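# sharing a model prediction with you, sequence too.
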Amino acid sequence: MIGRRRLPAERPGVAPVGYKVAALLLSVDGDRASFAGVSIGRGQPYGVEAEARCAYGRRHRPPAARCDCGFYCLNAESDARELMCVTEYRHAALLRVDVLGGYIRFERGFRYSRQRVTSVWVGACGCGNPAELLVDAGTGVVGRRGLVGSCTGCASGRVGLSFGSYARLAGVPVAADASPYVRGEYEIVPQLVAEVTLLQARLDRCQEQLGRLLGSDP
């Protein structure tokens with residue numbers, strides 16, 4: 001009888017580091033911050049330190065070789081940022097995590113049993129500007145509301161939560177994500193402002209001339 005093939009065991013001295021995209025959550029009473037996956041694990045919120053459970057309710061410990069359960073992360077921060085270009089992940093947060101416990105290595109990252117979130121970068125506002133605070137995303141799971149990054153202009157009149165407040169609740173640093181895409185958008189803004197200023201000046205000149213014509217007409 002041929003036994004099951006065993007995966008090679010690794011025992012690193014330092015926990016591997018990975019990057020992933022996630023949704024930010026706040027408990028209904030506003031005193032607990034948590035996260036959620038963006039694919040099969042989106043219905044299972046987790047804290048800064050968490051142990052994975054099989055999303056299909058099977059009685060095995062993730063990551064099982066014949067299942068796709070467990071936490072996922074990518075080796076490279078750049079790969080995780082590329083995921084944030086996907087439509088449904090555009091305003092997700094970027095997490096830096098320590099990969100703990102057992103894991104299965106794949107080409108670009110890990111599938112693993114335990115993790116520790118060490119840093120959080122909040123995605124851009126819906127208008128493309130860097131986020132300055134967190135507001136209700138209009139999403140959520142039982143007992144937790146989803147949060148999304150917003151600039152102060154778009155958050156006007158809405159209830160918001162500062163990065164510092166969320167960081168204290170979560171127990172990890174939280175900052176705005178300053179991606180090259182966002183910086184590139186800012187380079188366009190001065191040109192747009194100049195064009196709008198020129199158009200406004202022309203409009204003012206036309207109104208002035210029209211006023212003279214109307215004023216001289218009997």
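Alright, I've got the coordinates. Since we're looking at a predicted model, the values are computed, not measured.

# partner residues bridging Tyr72?
Arg111 (DSSP bridges).

# Tyr19 versus that one, what's the distance?
Distance from Tyr72 to Tyr19, counting by C-beta to C-beta, to the nearest Å: 11 Å. All C-beta atoms are positioned from the backbone trio N, CA, C, and that covers glycine.

# for this structure, which spans come out with low pLDDT?
1-13, 41, 179-198, 215-218 (pLDDT under 70).

# 50 instead?
In the predicted model, the chain carries pLDDT under 50 at residues 1, 180, 182-186, 188, 218.

# and the closest residue to Asp68 other than its chain neighbours, how many neighbours does it have?
Nearest residue to Asp68 in three dimensions, chain neighbours excluded: Ile40, at 7.1 Å (C-beta to C-beta, 6 or more residues apart in numbering). For Ile40, the count of nearby residues is 13 (other C-beta atoms under 10 Å).

# who touches Ile40 in this structure?
Ile40 sits next to 55, 68-69 when contact means C-beta atoms under 8 Å, 6 or more residues apart in numbering.

# which one of the residues you listed is nearest to Cys85?
Distance to Cys85 across those (C-beta to C-beta) is lowest for Asp68, with 23.3 Å.

# how about the helices in this structure?
77-83, 163-170, 180-216 (DSSP state H).

# which residues outside the second one are in contact with it?
When contacts are defined by C-beta under 8 Å, 6+ apart, helix 163-170 is touched by residues 24, 26, 31-34, 47-48, 117, 120, 122, 133-134, 147, 173-176.

# inside strands: which ones of these?
Using DSSP state E, 24, 26, 33-34, 117, 120, 122, 133-134, 147, 174-176 are the members of these that sit in strands.

# hey, what's the residue nearest in space to the middle of the chain bridged with?
Nearest to the geometric centre of the chain sits Ala93, at 1.4 Å (C-alpha atoms, centre = their mean). Under the criterion DSSP bridges, Ala93 forms beta bridges with Ala22.

# correct me, but it touches Leu25?
No: counting by C-beta atoms under 8 Å, Ala93 sits too far from Leu25 to count as a contact (10.3 Å).

# report the set of residues contacting both of these two.
Phe35.
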